Structures are given as C-alpha cells and as structure tokens.
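> below is the sequence, then the predicted model.
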Amino acid sequence: MIRHRALAMLKAVSTFKGGISGAFLLLLVIGALFAPWLSPYPYDQQDLGIMNQAPSLTHLFGTDEFGRDVLSRMITGARTSLSVSITAIGISVALGLVLGATCGYFGGTFDRIVMTVIDLTWSFPEILIALMLVAIIGPGLEGVVIAIAIAYLAQFTRLTRTQIMSLKSETYVEATISLGAGHAHVLFSHLLPNALAPVLVAAMLATGDAIILEATLGFFGLGAQPPTPSWGAMMSSGTAQLFIAPWVILLPGLAVALTVVFINLFGDAVIAALDVRAKFREA
Amino acid sequence: MIGFTLRRLVLLLPVFFVVSLVVFFIIHLVPGDPIDNLMRAGSTPEQRLQIAAKYGLDRSLVEQYVTWMGRLLTGDLGTSIIQGRPVSALIARNLPYSLELGIAALLFSTLTGIAAGVIAASYQGTRVDDSITGFILLGSTVPSFWLGLLLILVFAVWLGWVPVSGARGWSSLILPTIAAGLGGIALVARVTRIAMIETSRQDFVTLLHAKGLPPFIIQLRHVLRHAMVPVVTILSLRIGWVLGGAVTIEYVFARPGLGSLLIRALNQRDYPLVQGCLLMLAMAVIIGALIGDIVQAAMDPRQREARA
Amino acid sequence: MLLDLEMLRISFGAFAPVDQVTLSVDRGEILGIVGESGSGKSLTATAIMGLLPRIGGQVAAGTIRFDGTNLVGLPERQMRRLRGGRIALITQNPMTSLDSMMRIGPQIDQAARLHLGLGRSAARAKSLELMADLRIPDPASVYDLFPHQLSGGMKQRIVIAMALAGDPELLIADEPTTALDVTVQAQIVQILVDLVRQRGLGLILITHDMGVVAQACDRVAVMYCGRVVELAEVDALFAQPRHPYTQALIRCIPRHDMARGTMSAIPGVVPSAAAQPPGCRFNPRCARVADRCRIEIPELRIGVSGNGVACHVAEAA
Amino acid sequence: MNRRGFLASVSVVTLAAGLGLAGGYSARASEPEAVFALGSAEIGAPHHDPIRATLLSTVATLIYDRLIEQDVDQSYHPHLAESWENSPDGMNWTFKLRQGVRFHDGEPFNAATIAWWIPKFKGSPNEYLVDAVDRVEVVDDYTVRFVMKRAEPNLIYNLASSFMGIPSPKAYDAAGDNFGVTEAVGTGPFMFESFAVGQETVLVANEDYSWGSDLSNNKGAPHVKRLTLREIPDASTAFLELKTGGVGLLLGVPDQFLPQLQAEEMLDFRSLPGFGITYLAFNTRAEPFGDAAVRQATALAVDQGAILKSVFNGIGLEAHQFLISTLVESKIDPKLEIHHDLAKANELLDKAGWQRGDDGIRVKDGKPLKIKLTAQSETAIKRTAEIVQAQLKAIGMVVEIDIFDSTTVVDQLKKGQHQLAVRQYGWNNADILDWFFSTTNIPYPNSSGWQDEKSQELRNVAMQQSKTQDERVANFRKYQENLIGNFLFVPIHEPVQNYAFNKTMLDVPAKLRGTQLVQATAVDIKVIG
Amino acid sequence: MSDLLTVNGLSRRFSDGGLLRKRKTFHAVSNVSFALKKGQILGVVGESGCGKSTLARLVLRLITPSEGQVTFDGVDMASLSRQDMRRLRQRMQLVFQDPYSAIDPRYSIRDALLEPFRVQGAMPRSADETVASLLDMVGLNSALAASYPHQLSGGQKQRIGIARALALNPSLVVLDEPTASLDVSVQAQIVSLLERLRQDLGLTYLFISHDLGLVRYFCDQILVMYLGRIVEVLPSTAAPKHPYTRALLDSTFEPDPKRRRTVTRLAGEIPSGYDLPTGCAFANRCPRVTDLCRRELSTLWSQGGAHQVACHHPLTAAPDAIIDERSVA
C-alpha cells in the first residue's frame, strides 16, 4: 500500500507543474527547518541606525522598522507560518478523520447531531470563529493553531464522512465483514486507508488557506508574539509601512502568495496522479 | 415540498435552542468585561456596580440566560451595553451594508466563477483551461485585506477611477466587491469545472451529442444545470460569510457592516451585542442551508421526490 | 447499402483499438455486432456517430459511407445535421441516458425540433405519437414526468423514442438491453425488430448476447480485439460457424439441456490493448492455431454470399 | 500587441473612463463643503448624545457649545458662560450665561437650560463629571449657581470636557433614545443633518451662529457650509483618501505617516501638544517588580530617545515624568526625572543580587530574570513593546511579549496577572495620578497595586484639600515626585496630535486653538476655490 | 444427506421515514422457507428487486432478519453470540457479483488472500505457501500474488474472490451472481471452476442469478422469487408451473435463430415493494389471473416430488412446446 502512494507521488512530481511546485515546496521546507543556519542575521537583531533600508547587497531584502534583516525574518517567518498552518491542519485532519469516520460508519442520531454542529461551524465565517477562539484561548501561536484547526474541522469531517459512506457500500467492505471482521478491522484496514488520499490532498490545499488565515489573523494583531516573525505578522506590521518601506510588507505577501500557488499546483498534480478528482466532488 | 420545508423548520427548534446556548455562553468565556470599557478616568467603583446591576451582569449566568431567552422569545435582542442602543436597531443599521457588499461579492464571485469554470471545463486540458485556473488561483492566494490595499493603490490612487473608500454609491462598491469576491471565484470555478467535467462524462450527454445538439447548448442547457447542484450547496453555505465574513474588507474600505460591528462588540465585550450578532448570523447560516436544500430540491427532481 | 464501413481504423494516440473493420447494413436490415468487452464494438458505433473526438479518439484510416457520403472528414456542422436526424443512437444504460433534471417530453422533442424544424406543439404531438407506437401507456402523462419516475424498461423505450424523433434511417443500438431484466429485454428487442420491419430502418444492434443475436439479427459481425473475425448471415453463423472464436463463443453459452459440467470455456484471457499478440489476435486462445496464425494477420475475405471469415485455418479448410 | 489585445485594452480604458465619471463627486459648487476623517480613537461612536455617551467624536463639539473652553496652554476661556466665580470655600460656583443664544430648533438657551441639564447626568456614565455638584440654583434668567457637595477646583476642567456640550432640552426629551442618532440639537456652529453609524455624519452650517468662543477668530457662522465627517478605521486608507482628495482633513494622523505627508506637495499638517503619555506600568505585587531597585533599573534601561526615533519617527516628545508637558504640574524637580542610564541600571541590579549568567541573563536565587511584557495589538504599542524588549536585554532581562486585545489587557491588569505592561493614557489633568495610584483604586485602575501610606497622604491632600488652583498644582507636584521616586512607571513618550489637510482644498489657520482640533478651529477653516 | 442449511419463514423489511414523516416499509423478503442439502446446488432466480441478494445476506446473517430462522448445520444462528457468529463465518462464505470492487484496491492479491486468516486471527504458518496454493486452486499463476487488483482482468479478480471465500475451508458458499458482470467466455470458465471446486472440496452452493438458463444448467433445485416471495420451487429439469416462471423462461432467447419466437409480452409493471397487493403479487401481470388471486395469496403446494408452486392456477403438466425442445435436442 505504501508503494501505491509513493508511486502516485512520483507520478505527481514527474509532471511539469508537480515538479516545479514540488521543488519550491521542498526548498521552502528545508529553509524553514534550517532557518537558524540559513539566516544571514539573527532575526531579532535590532539596529536602529539602519531602519527601513531598501534591499541592498548587505541586506538582500532590506531592513524593517527596527533595522532588522527582512530576509532573515522571512526565513524564520516561514518556519512559524508553515508550522502553524501544518500543525493546525494536522490537528484538524486528525479530529476530522475520527469524527468523520465515526459519523460516516455508524450514522444515526450521533451522526445527525455532529453534522449539524459541524455544518454550523462550516458556514460561519472562519475569520470570526478564529477571532472568537483566539479571544478565548489567549494570544500566541497556540490560540491561532487551535482556531485554524477548528475553522477547518468541518471540511475534513465532511470529506471523511462522505468518503466513508461511499466506501462503506463497496463490495470489499461487505466481503471483509462476511469473513467475520469486526468494526475496528473494517474501519482501520479498509475504510480509513482508502478515505485517506482525498483527505490528505484536501489537507494540503487547506494548508495553503491556513497560511492566508494566519496572515489575516496577524492583520488583527493575533498570532506570533514579537519578536517572533511570521509572514502574516510581517505583512500586517502597520500598513504605513507600505508607503515607507514597501518591501517589508510586499515580500512576505509575495511569499504567502507563491507558497499558496505552489501548494495548489502541487495539490492538483497529486489529485491527477491519485485520480481522486471524482471523490472530491462528492464532498 | 411544503411538507419538506415545514418539517425542516420544526427541526430547527432544537437547533435554535442549542445555538442560543452556545451563543450566550461563548462570549462569557472571553476574559474581561464590558464595564471597564464604560469607565473613564474619574469614575468610581460604586458606579461600576451600578452599571453591572443595570445590565443584570451581577446575577448568575444561568439567570442571565433565562432573562435573555425570555426576551428573545418576545423578539427583543436586548440593549447594547457600550452603545446604549437596542441591539436590533444596531443590527438593522449595519445589515444593509453587509448585504450590499456580501451580495455584490457573492454575485461577482459566483457569476465569474461559474463562467470561468464553464470555459475551463469546455477547454479542459488545454492552455485556456490552465491559464484560467492559474489566474483564478493567483487571485485567491492573496489575503483579502492586502488585496484591498493594493486595489486601492492601483485603481483609486494611481488611476483615480474609483473612490478610495466609503460606502457611498455603486462606484465605492467596486473595489470591495472585487477584494471580497476574488477568493470565492476560485472555489466556485473549481467546483463548477469539476462538476461540468464529471457531468459531461455521463451517458445522457453522449446521447445529447448523438441528437446533434450544438455543443454550447448542451453545455449551457444540460451540463451546467447538473453542475449547478454542488455550486448551490456551496453558495448556501456562504450565507454566513455574506453577512459577517467581510470584516477585513470593511476595515480597509472603511465600510460599516455586521462583521465590524461584531468584532468591535467582541473587543469591547459588549455581551448583548455580541450575542445578538452571533445569534442572527447563526440563524442566517441555518436558514441559508435550509434554503440551499430547498433550492437544490427544486432543481433536482430526484431529490424533490425523495424529500417530499 | 445504407451504411458501408471499409477498413476502418480507430486510433487513440499510438493505440489502434479498432482496425480493419469492414461491414455494412442496408435499409430494413438488422446487423448484429457481437463481441466481448474490449472487442471494439462500441467504439465502432461511436465512430459512425462521429463522436470519437469527444473521447479523444479519431478515425485513422478507412471510410464510413452513409448513403453514399463518406462521413470520415465530414465537417462537424454537417455531421451534426446527420446525428440525431438521419442516424440515431440508443445507448446501453437507460438509467443514465436521460437528463435527470429535465422532463421526459421535451427530451424526446429535441431531435424533431432540431432536425425536422417542428414547432413546440408539433414536436409534442409527434413525441406522443411515438410514445404510443412504442406502447408506452398513457403517453400524455408520461410526457410530463421526470426520468426517475419511470422503470428501466420504460426509460429504454423513451430512449428509443428519442432516437426515432428525428426520423432516422439508420439506428445504432449499443447494447440496448444489457442493463435490463430478461422479461423487459425481450420486449425491447421485439420493439426494435418491429421498428425495422415496419419503418424500413437499418439497425446496427451491438450486443454481447448470442441469444439476442440469434433472436433478432439478419446478419452478424463477430468482433474480437478490434477486428471483425467473421461476418455472416445469422442462420449460417449459428449453423456453421467458421471462425474458431465464433465456434467457441457459441459453445460456451449455457443451455438448460446440457448436462452440468459439459459447458466448454475459452481458455486464457482477452489480451489488453497494449499487449496484442502478433498475427491473429485470437491465436493464444485458439484450439486450432497453426504456425502461420502466430505471424500473419488474417484478413477478412468476404465472398459473394456476403459472408466472410478472417482466419487462416478456416480458409484453408 | 495583437489586435485582440489592443481591443481589450481599449475597452478597459473606455470602461475606466466611464467609471471615473460616475465615481466622481458631485460637489455643489455654490456651497463650500468639506470632508474630514475622524481620528481612529473616535471611530465607532454609536451616537452624538453627550450625556449618555462613553465615546464621543469631534462631531459633538461642532453641534454643541460648552460653557467653558480650554486652550492649548490649558487655560480656560468663556463660551456660553460669559464669566464664573468660585466662592472662597469652594462650595459655590456662579456662572453668568451668554444672552441671545438659541438652539437649532429655535429654543432659547438660558438658566433654565442649565437647571434641566446638570441633573440629567444622574445615572449616566458621565455622572462623575458633575458628581460634586449638589444642586443647581437659578439666580436669574442668565445666572446660575452650582451648590457643591464638596470643594472641587477641577469642576472647571470638567465643564470644558467635550461631554459637557449642552443639548436642547425640548429636543432631548422628545427624541428619547434616538437623540444623537436621528437628530441632535445644540447651539453649536453646525447643525445635524444625517448620521450613519460607523460611516459618516453630515453637518450643515448654522447660519444664525454669532456666539463663537474667544478661541475662534470667526465668531459667526462657519465658512464651511456643509461638513461631512467620515469614519475610516484603517490609517493607510485614510491617508490615501487624503492624498486623492476624497478627504480634506484628517483628525489625527499616526506618526508613521508624517514623513509621507511631508513628502506630498499638496498636503500640510498642523500639530497640537499631546494629550497623553505612553509608559510602562509595573505590577509591584508581582516579583521581581516588588523590588524598587529592579523597577529603577528597568526604568533606566529604557531609552526614550531611541523609541521616539524608531517608533514615533521622531515626532512628539520624550517623556521623563508622568504628566503631559502642558500641565504645570509636570514641572517637577529635574533630578527626579527618569532618563536613560544603562550603567546605573546594571549597577543597581548587581547590587540587588541579580548576577549575570554566561548567556548574559541575570539570575538571582537560581531564578532567571525573565518577565512578561503585556501589550495590545495597536501598532505603536506593539512596536514600543518590541523595542523595550530589545532594550531590556541590555540589562540581562529576558522579556516575553504577550499581545492581547485592549479589553483583555484591562482584565489582566485588573486581576494582577501582568508583570510589566506598555500602556497609554489620554488625559490632560493631573488627577490622572489619583486614578492610577490611589489605594482606593486597587486593583484597577491602580493595577500597579501601589499601597503606600506616604503616597496616599500626598494624594489625599492633592485631591481633597486643594482649595484653589495654585494650591492644587503644588500638591500634585509633590504627589508626582513621590510616585516617581518609587519608580512606579517608566514614562516613554508624549505624542503630539497631528492634523493633516489638503492645502489645495482647505485653508487651515496656522495656529490651532483648543486642546484638540475641535469646534474652535473648525469654524475658522475655509474651503479654497 | 442431511440439510446443511434450513431457512424457515424468513422475512426482512426495511423502513424509512420516521420522525415527522410517514413511515414507509419495503418488503424485501417475505416468508421464505427452504432447505439445502449438503453438496447440493440451490439456485435462486428472479429479476432485479426480487429480493434474491437480500436473501443471500440474510442467510449469511450479514443482515438481521425481521422474522424467521436460519439454521446452519443444526445451529440456530440467532442464538449465537457475536463472537461465535464471527467464528461461524469461516464455514459460510460469500462470492460477490462485482469482482471489480470485491478486493480493496490498496491490497495486493497476497494481502487480500491472507485477510481471511488475519480477520479470524489464524495466520497460517507459511503465508506464501498458503497464497500459492490458493491461487493454484483457482487456476491462477502464483506470480500474481504481488499484483494489485487493477492489474487483473475481471475473470482473474473473480477467481481471487473465490479463492478468498474458500481460504477458510467453508462448507457453504453463497454465490451472488458471480458471473453477471463477466463476459460469456469468462463466465464459462468460472462456472466450470465452481463445479470442479464443488466436487473437489465437497462444497454446498447457494447460487443466485437472474439467468434462468444458467441456473437450469448449473443447479439441482431452483427457487424462483418474485417481489420477495418464493413463487416456485422446482427441480432444474422440471417444467415450470407458475405463470411467472414460465414468462421468465419464455423471455430467455435461445442462441439459435431457428427458435425465434414472438415474445408474449407481460402486461403491467412490477409493483413496488412498498405497497404489495394483498393477493398474489404477480396478479396484475398474469394471463391466468382470477379474483381469487387478487384476494388471496397462494401458499407453496406440492406438485409432486420436490416441485412446489405458489399459484392457485398452476400450468398443467401438459407438455409445452418450448419445454419440449429439450427432448428434441
């Protein structure tokens, strides 16, 4: 089974779109992982003598309002933004899989109640949910992570549930039951592994959205606590900055846009390779 | 059909109750209280207590809920603590702006999204498809607050075609509509495109071609109709977003709206106002989903039957 | 001849799943195309309808002559005029062949309005008449129903009505009864046969069911792996099948009068499109295979009787 | 460019031209009109009723007149009160009212108005302003006497507050809850036309106006005949509106935008002295700030100059004591002022037993010198926090920043969950010291938890035993000197108020009068062209 | 020979609706009784929707019956605990109609064939050997063990399906239209394989099909179902006596152009399983219908030997033209 998925990945990467976007994302992840070694300067080193300097050879991406190196901050920011969105989506997917699988497999009243609540959270503007939750949970990345996780929970729950429900009627599931298998075996050996592919692809695409949501929450001053940089926090570090030192705001914005575009392209390539397009529609 | 609608409405009652519980208590989970926002230098602790008593904040939460619910059943959402005006009046004042922008953005993203989806699906796998999908994708990757500022810079400052901000007349609605709607285009286009492609693979479409119908008629009159079913689902789920999702846009374009009203109320812990806004949003969302179901049933004769 | 296919070759990129197909059908005649899945019978139908580009294929060689006009290379606009007008299609699965979101009547009307230029009420009258002809009870009320409100057999009649609405001369029925229960299948086959006899239509009946072939067809083309292996009058085919494949095919149909365990099977599997054997494509499974069969592709030679076989061994015999 | 591309671009241009025309503003050429954008702190005022308002915008000062106006130098000037007198024991205030003043609805303004007005505050959030007044006595049609519960030299300050605009009694009682929303009637130079909450208020000139205050050159009707005050929350949007002519004047410009403003040829700005202080607040009940030495070291480690330069673009003043510099009470003994002195700060910590570790972080009794700095998400405050964080590193203090929304910050302070906080207040009276440091105000607003007999005694003298203004000044100076000696706060910055306008559209007097740009200046502003 | 399987008064109803909606009940299987002897093949034939697949699942207790009793090898299945039932499943297996989705696409053939052992917690000592012998048993090359389902043809997949069903040495195999989605040439292979396995392993089959011709060829005894009820039980060589069975037989085309015939059309439509008529369900389409049929349901009554029919007016034993042909051939 692992071979099956690895093959699909290989197929995805071998396409033009998949290759380019895969390479970019790989570089990004490497950059984020090795941020402290790759950054030319410490991300929090202030030098008020060189505030808001335009990009130059010493500071490739310029400096910000405290004279900090924007490139270093962006590299470290990638770390924050990526880990926030990946953790959040990870939590969301894990919860969504459990909830969705339970609802889809057992159905009934439990299903109906959970889905009503889930639908409510789905149609509620995610920015409002996030703001509300961050207010409750408190500042810092944890709040943002949980808020994003909950904002996307509905999507994964629904997707998993639809998957499980359609898989449930597959002949091989009945075949397994007729062999004498219990619920656990059916769920964990057949249903979940088969439902996983589209959920994972959806998770990947959602990671892109989560980066944007993190940025938007940053706009409201929520999320990474200074001096920790995140792309979102950098983009929203006072809109006046747009006129004084546009690179401080534009470059992280560009990074967000590029990352999301590449995540989407890569996701498309994976969808094509796994041929799960049809399953997407059902959700 | 009527039976179906009525049944769904009756089922809303318990949902309404649960929603009211959540809506009432959730704001109390947030630290801080509204009274401090009423106090300024010079006011005394006694005044604090007076204000608390005036709004019933000195009583237990359960008691407060019962009072609130009692009033709610008579249609009274209470009075804003900070603004001192009936919550319903405040919502009524902000709602038109949210509706104006929300509907404009929804129409913009839906129509453009469907058009883009149809074209992309018709040219599936070609460069046309790729460029449409790519362009739309690009538009949806930029956070809307940021997009709003850039749009202002380009179209209002450099080109001077439209006003920078405000909510006066349709010309001031153009940029916010684009900024708020661009993200939705990608979603609608994606769903439309996939649904179109899926539908055109079905036997009945082959048979329509076999009848000699011109392809564009088949696409628009038959395939699109089927593809609209999932699109309607998405749209019905966007009702909440139409009403309260454009907070950042409202902020950047200096527009009033429910989203901003709610955020401000949230920041000031204006309990009745937050509760009122949330309840209204939640009910709108639920009713939106219901309308979506009904529209879907109306569109699809099979569902109409199944649900009758 | 109403329709004449000569050496038709259909290609999808580098693959040619259908090749060297030659067959014909005349007015008032029922030609059966029989074969197992992957034999290319449906693709042949798609090629005649000019719908190959929709699924990414094309006619790579050969001609499709309809009433003297070669359809290969005919501009799409002209092809569209024929489609649904003079040539009509009936598809396999009535459950999915109708637009589920549209009422029955207008779906039947479409072809008449498009090809015969009828107005709304004239088309409706024609549709009702057709429905009555096809023994659909209470046509006027069925006209306003939605597809899901009808049974499978009824739907297939609607599909047939749809095909007839444009007053076609040639009808292509692609497995019209496969998805139906036997009792319903019998009715539908009967209807099709009656149509041909009464209206003088040409009918190409594509099926995998030898029973249906025996019951309905005048002449039969047997296809295997994209080629016609035998073309014959129906009586001759069943009485004296010449191609080993045809022979085997007839032998593996269960009959109640056979003793259990006496049914013979064709050994092996149908080769995939990507792994066709050289020579005769049936050679790995053939009981009478000769050396020549493994190298040389046998051609379909049609004799004066109009019957023919593509087999080195059968010819030699 | 191929033909299709060309066609496309032409159609875009045509479309744009159409939009441009439609989007233009239809100014009524005959009437001079102007658009102001309210400052960010004024946004979201739900109504223009001064009595029950908690948030009131500049609009209120244009619709309503006050008895007394306060100037930049904190001096008091007559307006609807022609003169006033306080009895020697401070228990009676007598006001002579201006004659011939009429409300917008034609009702006369007289002593009866005041007698109706003051009791209206009972139970309102602004009650404290006239708390000390026991009752109002009508002496004659244009003379009133306030009989006091206690001496209150500060009453005059309160009366100059923008919450003390006087509404028309008749209209007020008739409109009920809708007063200030659907209508607002005062005696001011501008009359209420319409109000869309969160969006804009439209005012028209009161042509009958002839009772302008001392502070204005123009005592008659305002030059601007139609004035729209818009609410634009995002500073960049407001700036862009100003730049494109959508707005003529910004009531409040964030400091970060000033360099941009200066760069624009057609823009200009005027400043007024500050109205508040940005400072660090300690929680003396949370270690390590219970120790005065640590507080002092922290205070000395903060470099106000660097913050002024980087956070505030050099605009405003460094703050070295707690009150705004235009208040006389702010002139304390210079030796007591808090100035940057890193060496002394380190020395203090060394002495207090905080030893530097290898990583530069100080440790005492095995505990690292690690503190939480609470701040709110507003840009200037957040940035101040960031720079303070960097500066405190220099004395071996590790600072973690926690950003909350403003209400949560208050909640934290109230519960004493903070250690150090970046705060900002806006108040132009020395009694702010009492508000923040009186033991009666523990836990909030005295969130530093300061409890000290000496301090409280000085506070009581300043607040309750000052009979005259001069006495009051002296008492408050002493009180502040005591507080600052205990290092209860670190003054950082005193912002100035900046008002930007479009030179090609408006003529704004070179010298602004009043504590803020309000009525006094508004009536003098002219529309160009 | 003893009865391996006894079914008594088995019924299954499905309801939907409920809260706030009129409850509708679908009668999938009604009052079905039969017995299956060890080593025999019992055919169940009927058109779509007649309840034959539901019956298969009821017999295996994959669906719980609304009423009635299934006794397997002397044990009433309803009396078994969950655990015992799971163990009993080893002895009764199901082969499915659609081989294409009968194997988890993410399982290799090896994994799929070992799953029965894993599920029953009895992994064989030598997994590879077991897989190889199972593949060999159904006539497949053991090299296929490493492949995935999508790499196999339909016929090969159905062989895997059979091998998996036989892995645990069952006594009873329920075959639910095992060849319906296969080509005729492959159908012949599978049917031959099934026959060989039955002889070699002494299996008992419950064979479900819509193809009367195939059932008559393959089975010893045939149950004809119509709308959830058994209308006729006949030995495969007997002539049908129920008008429905007769109609079914008449509708089957012989692969012989000499035996063309004009179809006697059945009038009317199959009634919905939701609102069954009180009398005989076939009444509205039956050429021999009388008032009695509409009023009263006939029980199965013997026509001599094992032949039973549920009809008030069964066809007489008088030889019929079509049935005769067999003797001619």
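Yep, it's here.

> just for the stretch 151-283 of chain A, where's the confidence low?
Applying pLDDT under 70 to the stretch 151-283 of chain A flags the ranges A:237-239, A:275-283.

> what's the burial count for the residue in the stretch 1-150 of chain E that chain A sits nearest to?
When scored by C-beta to the nearest C-beta, the stretch 1-150 of chain E has residue E:89 as its residue closest to chain A, at 3.5 Å. C-beta here means a position set from N, CA and C on the backbone, and glycine is covered the same way. Other residues near residue E:89 number 23, with proximity taken as other C-beta atoms under 10 Å in any protein chain shown.

> do residue D:440 as well
For residue D:440, the count of nearby residues is 11 (other C-beta under 10 Å).

> now the residue of the stretch 1-150 of chain E closest to chain A: phi and psi?
Dihedral pair for residue E:89: phi -60, psi -20, per degrees, to the nearest 10.

> check contacts around it.
A:178, A:179, A:180, E:60, E:120 (C-beta atoms under 8 Å, 6 or more residues apart in numbering or on different chains).

> including distance to chain C, secondary structure and neighbour count, could those go into a markdown table?
Written out in a markdown table, the entries for the contacts of residue E:89 read as follows (distance: C-beta to the nearest C-beta, whole Å; DSSP: H, G, I helix; E, B strand; the rest coil; neighbours: other C-beta atoms under 10 Å in any protein chain shown):
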| residue | distance to chain C | secondary structure | neighbour count |
| --- | --- | --- | --- |
| A:178 | 26 | helix | 24 |
| A:179 | 27 | coil | 23 |
| A:180 | 31 | coil | 21 |
| E:60 | 25 | coil | 23 |
| E:120 | 32 | coil | 17 |
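
> from these, which is closest to residue C:114?
Set against residue C:114, the nearest of these by C-beta to C-beta is residue A:178 (51.1 Å).

> show me what the nearest residue to that closest one once chain neighbours are set aside is bridged to.
Distances taken as C-beta to C-beta, 6 or more residues apart in numbering or on different chains place residue E:94 nearest to residue A:178, at 4.5 Å, with adjacent residues excluded. For residue E:94, the beta-bridge partners are residue E:174 (DSSP bridges).

> give me the pLDDT for the residue in the stretch 1-150 of chain A that chain B sits nearest to.
Closest approach of the stretch 1-150 of chain A to chain B (C-beta to the nearest C-beta) occurs at residue A:125, with a separation of 3.4 Å. According to the predicted model, the pLDDT of residue A:125 comes to 81.

> go on, residue E:326?
If you check residue E:326, the pLDDT there is 30.

> cool, and residue D:427?
Looking at residue D:427 specifically, the model assigns a pLDDT of 84.

> that one: how many residues sit nearby?
Close neighbours of residue D:427, defined as other C-beta under 10 Å, add up to 19.

> need the contact list for it.
By C-beta under 8 Å, 6+ apart, the residues touching residue D:427 are B:41, D:275, D:276, D:324, D:435.

> run through who's touching the helix or strand harbouring the last one.
Assigning secondary structure by DSSP states H and E places residue D:435 in helix D:432-437. Contacts made with helix D:432-437 from outside it, assessed by C-beta under 8 Å, 6+ apart, are listed as B:41-42, D:322-323, D:425, D:427, D:441, D:445-446, D:448, D:450, D:455, D:459, D:462-463, D:476, D:479-480, D:483, D:488-489.

> any of those buried? List them.
Among these, the ones that count as buried by 16 or more other C-beta atoms under 10 Å in any protein chain shown are B:42, D:322-323, D:425, D:427, D:441, D:445-446, D:448, D:450, D:455, D:459, D:462-463, D:476, D:479-480, D:483, D:488-489.

> is chain C contacted by the helix or strand hosting residue A:249?
Counting by DSSP H and E, the secondary-structure element that holds residue A:249 is helix A:246-274. No: Helix A:246-274 stays out of contact with chain C when judged by C-beta under 8 Å from any C-beta of the partner chain, the minimum separation being 15.7 Å.

> tell me which residues in that helix are buried?
Neighbour-count burial for helix A:246-274 flags A:247-253, A:255-257, A:259-274 (criterion: 16+ other C-beta under 10 Å).

> what do you get for stretch B:210-221?
Per 16+ other C-beta under 10 Å, stretch B:210-221 contains these buried residues: B:210, B:211, B:212, B:213, B:215, B:218, B:219.

> the fourth one contacts residue C:114, doesn't it?
Yes: when contacts are counted by C-beta atoms under 8 Å, residue B:213 is listed as touching residue C:114 (6.5 Å).
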